[in-house]
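Visitor: no sequence on hand, only this structure:
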């Protein structure tokens, strides 16, 4: 593991020979993988020994059906028809996909997709499996079962597994032999997890340590440190004896979290029921909720629970049938408003900034929404500059967008919505696929924006840290129904709700229980309160 | 989904045939139809097509859109032939039997009517077989079949990949259009100048292009990592071995083509005219 740009993916690409065979570059030194030299063996040659599962599960499907996708490597190897079908059946069994062999991969859930990608490389009986950020696009519950599956493969098949990932706590759900930390193109350390977790390497590299350890460290203050022999790798098996009293004391001493005052209702959703057409299933069932001015609310739930549909309905991309509920903005029904009219008051920021950007220059792109509305050029200019200043992009205003980083592009898209001075900002997965450094960069920016302008924000997310640390309230959708409307800490310390939303309970919950604290939700609350008060010191600062 | 024509899994003798057989049959059928102007042969082909259509249990809703479009182009084609070459039939058949005068230089002749009837029949021989081929052949099998008739597999596979990604790109398109609309770029109607319209289209096309290019990048890496292009040949998971029925159909198709050619060219010309 390592921060983005540290070279960890580059290293992985050297192992499967994508570098230098597909991505050219200069290589010195020597690399031997399973007795082969990747440079000489080429991508196809290495593929016999090294199976690579790429980060973007959606993007790597090749076949029209699961079966075909699993068979792809065999097809290219000219494996005869019968043998191919036999081997595909075997692999499908290993990754538990037998009932889905004839389904298109696109119709599967995130976790099933991940298993298709895994199966696709397992058909080749590889000796080494390389996973490039396997958890990036998965919800926490699916991520957990993915790690369990990787663990099982590793043990049953005696495969060497290399996981490139920065979500340390999630990876550590199962036993890991060694963790190699890469920083600025060098190996920083190569340690057993227990030893690594006790040092300060993670902090220095901007990698987030497991939350329960952060809590223990806060509780201990300067009076002591965590020792490797207490096995801090798993919260369930860690020896907490030396730390219990400190944690309990710290909990009692911490002030309770004060609820921030709520403004007037801005957006009200009343008894909303929706289906795409008369034949399809009901996506939303009698959903009612209110978002107040100045609030930061997260909307969670597994894929297909109706999150995006709700956002689309708010923006007016679909029409609500008469009698199927209503959406009110500032107390007024918005059903007569067109998409464009709503767009002036409700801004939507898409997950992938590249899907929003259509102009080559920053100024043009950010001002686009105003220009097409026929606003005088001078005013467009003033408002664009202002939005750029808020988003920290003013120094780059004459740059071409192509020269910006992913996080900066994200800011450009946010700025292009802010120029319209919306009252509500909806962000679809603002941090999906981002590493901790970019995650912190984007979230700290949004928080700052919220603090400065009091802009109301609704964030659709899978990210537990995001909802816990940055939002005050969470709406949980499950199968089209609003399951919970409560504080994030309540959801993440309630196993039943967490499971329904495809989340998992935070490790702080387990820590609190194991320390004999009777109110894990309050413990979590206080921890977050404390974290916010000291700032994100162990994170990467903007 | 607004797909024009789509494969639907059913258990009929036509569905059970291998994609290769159907492709060969389809190609032979098209060549025959293109070559012959023999009304008897065309008539038999139309009837045979209808029978196959019934056996394949193709439903009207599956093909209605395409059928409507083809009907439209056929009518247009027939009209154009008459407008631009009103005596084409007379030239071909070497006779001129006037039926009635229309206007100016346009007189309807029996030869012209008969010629255009043949053109219409040609449409009706080819169109149902195209539809049957597309509706009864699993798209996965399509690439395998195309490869089997001799097209290099890299080309055949691009076809399969395109099929695989059309729905994804469609979805991207809708998402981008919605978001751009929310920003105030109206897509439909309005009283915009041409320049404005071009700009609006660009605001969807460029993001779509860039995100599609990202996809291509990922997919080509994924394909390479799993050994695509390693050998000169490859096998196909979705290919179906030829059954006895396949062989029978292939033999029938070849025999029919031979017979059709024999009948067509028996009298020295591919144009049949009974009068």
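Guide: Great, that's in hand. As the structure is a computational prediction, the values presented were derived from the model and not from experiment.
Visitor: what average pLDDT does the helix or strand where residue B:23 lies get?
Guide: Assigned by DSSP states H and E, residue B:23 belongs to helix B:19-35. Helix B:19-35 carries an average pLDDT of 91.
Visitor: ok, that helix near chain A or not?
Guide: No - counting by Cβ under 8 Å from any Cβ of the partner chain, chain A is not contacted by helix B:19-35; separation bottoms out at 12.8 Å. In this view, the C-beta of every residue, glycine as well, is placed from N, C-alpha and C.
Visitor: now do the helix or strand following that helix: everything it contacts.
Guide: Once helix B:19-35 ends, the next helix or strand along the chain (criterion: DSSP H and E) is helix B:39-55. In this structure, residues lying in contact with helix B:39-55 by Cβ atoms under 8 Å, 6 or more residues apart in numbering or on different chains are B:12-14, B:29, B:32-33, B:36, B:114, B:117-118, B:121-122, B:124-125, B:128-129, B:131-132, B:260, B:263-264, B:272, B:274.
Visitor: how far off helix B:39-55 does the helix holding residue B:23 point, in degrees?
Guide: Angle, helix B:19-35 to helix B:39-55, by axes from the mean of the first three to the mean of the last three Cα atoms, to 10 degrees: 150 degrees.
Visitor: and helix B:19-35, what's buried?
Guide: B:19, B:20, B:21, B:22, B:23, B:24, B:25, B:26, B:28, B:29, B:32, B:33 (16 or more other Cβ atoms under 10 Å in any protein chain shown).
Visitor: among the contacts of helix B:39-55, the buried ones, what's the ChimeraX command?
Guide: In ChimeraX, a selection of the buried entries from the contacts of helix B:39-55 looks like this (16+ other Cβ under 10 Å):
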select /B:14,29,32,33,36,114,118,121,122,124,125,128,129,131,132,260,264,272
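Visitor: per-residue confidence for residue 200?
Guide: Since you didn't name a chain, this refers to chain A. Predicted confidence (pLDDT) for residue A:200: 86.
Visitor: hm, I was asking about chain B
Guide: For residue B:200, pLDDT reads 77.
Visitor: repeat for the one 4 residues further on
Guide: According to the model's per-residue confidence, residue B:204 sits at a pLDDT of 86.
Visitor: check the one 5 residues further on too.
Guide: The predicted structure scores residue B:209 at 89 on the pLDDT scale.
Visitor: bridging residues for the closest residue to residue A:456 other than its chain neighbours?
Guide: Distances taken as Cβ to Cβ, 6 or more residues apart in numbering or on different chains put residue A:424 closest to residue A:456, at 4.9 Å, once the chain neighbours are dropped. Residues in a beta bridge with residue A:424, per DSSP bridges, are residue A:346, residue A:456.
Visitor: next up, the contacts around residue A:424.
Guide: A:266, A:267, A:291, A:329, A:345, A:346, A:347, A:455, A:456, A:457, A:458.
Visitor: ok, residue A:163 next?
Guide: Applying Cβ under 8 Å, 6+ apart, we find residue A:163 in contact with A:131, A:134, A:150, A:171, A:176.
Visitor: which of those scores worst on pLDDT?
Guide: Among the contacts of residue A:163, pLDDT bottoms out at residue A:134, giving 86.
Visitor: within the helices and strands, which one has it?
Guide: If you go by DSSP H and E, residue A:134 is not part of any helix or strand.
Visitor: is it true that it touches residue A:53?
Guide: Yes - between residue A:134 and residue A:53 there is a contact under Cβ atoms under 8 Å: 6.2 Å.
Visitor: okay, and the common contacts of those two?
Guide: Residues touching both residue A:134 and residue A:53 (Cβ under 8 Å, 6+ apart): residue A:114.
Visitor: burial check on residue A:393, number of neighbours?
Guide: 21 (other Cβ atoms under 10 Å in any protein chain shown).
Visitor: now swap in residue A:22 and tell me
Guide: Using other Cβ under 10 Å, the number of residues around residue A:22 comes to 15.
Visitor: over to residue A:87?
Guide: By other Cβ under 10 Å, 19 other residues sit near residue A:87.
Visitor: who's in contact with it?
Guide: Here residue A:87 is in contact with A:71, A:74, A:79, A:123 (Cβ under 8 Å, 6+ apart).
Visitor: with residue A:454 instead?
Guide: A:293, A:294.
Visitor: gap between residue B:207 and residue A:118?
Guide: 31 Å (Cβ to Cβ, to the nearest Å).
Visitor: what's the answer for residue A:534, then?
Guide: Using Cβ to Cβ, we find residue A:534 at a distance of 40 Å from residue A:118.
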